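Engineer: Would you be able to build a 3D model of this:
(chains A and B)
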Protein chains: 2
Amino acid sequence: MKAQAGHFYAVGIGPGAPDLLTLRAVDIIKSAKMIIAPRAETSDASLALSAIRPYTGIGQEIVEHIYPMKRDNEATLASWDGVAEKVCAALSAGKSVAQITLGDPLIYSTSAYLLECLSGRLEPGRIHVVPGISAFQASAARLNKLLCLQEDRMLIMPGTHVRLVEQSLSKCETLVLFKAGKNLGAIREMLKKRGLLEQASAAFYVEQEGEAIWRSMAEEFDHAGKYMTIVIIRTGRRTW
Amino acid sequence: MKAQAGHFYAVGIGPGAPDLLTLRAVDIIKSAKMIIAPRAETSDASLALSAIRPYTGIGQEIVEHIYPMKRDNEATLASWDGVAEKVCAALSAGKSVAQITLGDPLIYSTSAYLLECLSGRLEPGRIHVVPGISAFQASAARLNKLLCLQEDRMLIMPGTHVRLVEQSLSKCETLVLFKAGKNLGAIREMLKKRGLLEQASAAFYVEQEGEAIWRSMAEEFDHAGKYMTIVIIRTGRRTW
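Structural biologist: As a prediction, the model looks like this:
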């Protein structure tokens, strides 16, 4: 599938390893005239951009968009609204545009903002989403840890509020936490009180430089300063 | 990454389209000596096998494993235990073995059974999981429907029990239902009562022959006899 003139593609590129892109993502990236790569203002380089380097070439325009790392919905949308204007101008000029994003574009991803900003300006048939391997899937794969089977429920949420995490334990058989890095100590304490440490695992920077695996949170492990964190807690099983 | 002698790979191949495999999945499939393809006893052909046809070649042994479609945990495990024995024999003979599975091996997949049966027989370092695009991701991508952002919780579960589905609506901002085909009429009635039809979408056979999209369940749509169904309900948003 090649990127078509006048069309926009939100492309999930997976957790970071270049061989965890789908063939479709590679095809779109190779053929897009303009590629937009997000970079957090706190980061030196675009992780997404380095993951796709093997697939980009001469004649492609690569635009880094540096986005704010504040938890401010309006400022974030305003920042992406400017990008949406650029995208529309490029599309009107007959270019194809791909925005790359780590993971999957529809799961805790900056793509959501650009897609929202574009939705009012572009006809739906010109907007395409290419799914990508999400960090929680790559983490589970690395841990060889079952996520769900048969009647199991899997709840995926941010690990930013420990009380909300605790309340969610009883609502599913598998609890997956994104963005749990900062709270990992408090989350571990909470899991310890509930006797769930042996069912809990964590993965850091999966499929990136510095990858680390904490197979059982019952063991000691130095997680200080580790971000890009996924926690997976198996609280039970609902078999047939 | 090539399949290594004496190693087992559970390979997710995505929803069905050959270009939604990852490059890693293609590499493993191309280099594995033996490939195990699951086929439901109610099905004429292995969907997974047809998705990987472009990548298989001469000298590869392809074994179809026909599994029972009964909701019987013990019979299912017993059926896969026989496969595990074959796998171990092949690995001992110096072969590499890949089991392919639609979607992701750790999300409602037959791989889970084989992985469980192998876990007691093989050292962990010889078992590898390659993540794949799950049907819910492909469905959301086709619908261009946000799954989760910021503080949203996403709950993924089977749609087999309508009461459980109803109880789960209040526990998340996005509810994703697998295996909702048989209950779709009842699920729609329940969503109608709760005023959620416009926030609900469904996708059938996504990235396969016969793909169909039901963008808003508030509209009329003939879903009779459609399986391979994913339902996505957005019940709210938890912004920063």
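
Engineer: quick one, strands of chain A?
Structural biologist: A:8-12, A:34-40, A:61-67, A:97-101, A:127-130, A:154-158, A:174-178, A:200-204, A:212-214, A:229-234 (DSSP state E).

Engineer: Mean neighbour count for those - can I get that in a markdown table?
Structural biologist: C-betas here are computed from N, CA, C, even on glycine. Converted to a markdown table, the strands of chain A look like this (neighbours: other Cβ atoms under 10 Å in any protein chain shown):
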| stretch | mean neighbour count |
| --- | --- |
| strand A:8-12 | 28 |
| strand A:34-40 | 21 |
| strand A:61-67 | 15 |
| strand A:97-101 | 28 |
| strand A:127-130 | 22 |
| strand A:154-158 | 24 |
| strand A:174-178 | 25 |
| strand A:200-204 | 24 |
| strand A:212-214 | 17 |
| strand A:229-234 | 25 |
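
Engineer: how about the ones you listed in JSON lines, adding distance to chain B?
Structural biologist: Below are the strands of chain A laid out as JSON lines (distance: least, Cβ to the nearest Cβ, whole Å):
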{"stretch": "strand A:8-12", "distance to chain B": "8"}
{"stretch": "strand A:34-40", "distance to chain B": "14"}
{"stretch": "strand A:61-67", "distance to chain B": "14"}
{"stretch": "strand A:97-101", "distance to chain B": "12"}
{"stretch": "strand A:127-130", "distance to chain B": "4"}
{"stretch": "strand A:154-158", "distance to chain B": "4"}
{"stretch": "strand A:174-178", "distance to chain B": "9"}
{"stretch": "strand A:200-204", "distance to chain B": "12"}
{"stretch": "strand A:212-214", "distance to chain B": "12"}
{"stretch": "strand A:229-234", "distance to chain B": "10"}
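
Engineer: Adding mean pLDDT, write these out as JSON lines.
Structural biologist: Converted to JSON lines, the strands of chain A look like this (pLDDT from 0 to 100):
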{"stretch": "strand A:8-12", "mean pLDDT": "98"}
{"stretch": "strand A:34-40", "mean pLDDT": "93"}
{"stretch": "strand A:61-67", "mean pLDDT": "92"}
{"stretch": "strand A:97-101", "mean pLDDT": "97"}
{"stretch": "strand A:127-130", "mean pLDDT": "98"}
{"stretch": "strand A:154-158", "mean pLDDT": "98"}
{"stretch": "strand A:174-178", "mean pLDDT": "98"}
{"stretch": "strand A:200-204", "mean pLDDT": "97"}
{"stretch": "strand A:212-214", "mean pLDDT": "96"}
{"stretch": "strand A:229-234", "mean pLDDT": "98"}
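
Engineer: Rebuild these as TSV, extending it with distance to B:I156.
Structural biologist: Converted to TSV, these look like this (distance: least, Cβ to Cβ, whole Å):
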stretch	distance to B:I156
strand A:8-12	17
strand A:34-40	26
strand A:61-67	28
strand A:97-101	21
strand A:127-130	18
strand A:154-158	5
strand A:174-178	9
strand A:200-204	18
strand A:212-214	23
strand A:229-234	13
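
Engineer: where's the residue minimising distance to the centre of chain A relative to B:E41, distance?
Structural biologist: For chain A, the residue sitting closest to the mean C-alpha position, by Cα atoms, centre = their mean, is A:G103 at 3.6 Å. Distance, A:G103 to B:E41, using Cβ to Cβ, to the nearest Å: 36 Å.

Engineer: same thing with A:A89?
Structural biologist: 55 Å.

Engineer: what's the neighbour count on the closest residue to the residue nearest to the centre of chain A other than its chain neighbours?
Structural biologist: Closest residue to A:G103 apart from its sequence neighbours, by Cβ to Cβ, 6 or more residues apart in numbering or on different chains: A:S134 at 4.6 Å. As a burial measure, A:S134 scores 30 neighbours (other Cβ atoms under 10 Å in any protein chain shown).

Engineer: Surely A:S134 and A:I107 touch.
Structural biologist: Yes: when contacts are counted by Cβ atoms under 8 Å, A:S134 is listed as touching A:I107 (4.9 Å).

Engineer: Helices of chain A, start to end?
Structural biologist: A:23-31, A:47-52, A:73-92, A:111-119, A:135-143, A:162-168, A:184-193 (DSSP state H).

Engineer: In the fifth one, which residues are buried?
Structural biologist: By 16 or more other Cβ atoms under 10 Å in any protein chain shown, the buried positions in helix A:135-143 come out as A:A135, A:F136, A:Q137, A:A138, A:S139, A:A140, A:A141, A:R142, A:L143.

Engineer: same check, this time on the first one
Structural biologist: By neighbour count with 16+ other Cβ under 10 Å, helix A:23-31 contains the buried residues A:L23, A:R24, A:A25, A:V26, A:D27, A:I28, A:I29.

Engineer: List the contacts of the third one.
Structural biologist: By that I understand A:A25. A:V11, A:G12, A:I13, A:G14, A:V130, A:G132 (Cβ atoms under 8 Å, 6 or more residues apart in numbering or on different chains).

Engineer: List the buried residues of stretch A:209-224.
Structural biologist: Buried, per 16+ other Cβ under 10 Å, within stretch A:209-224: A:E211, A:W214, A:R215, A:M217, A:A218, A:F221, A:H223.

Engineer: Poorly predicted segments of chain A, please.
Structural biologist: Nowhere does chain A drop to pLDDT under 70.

Engineer: Fine, thanks again, bye for now.
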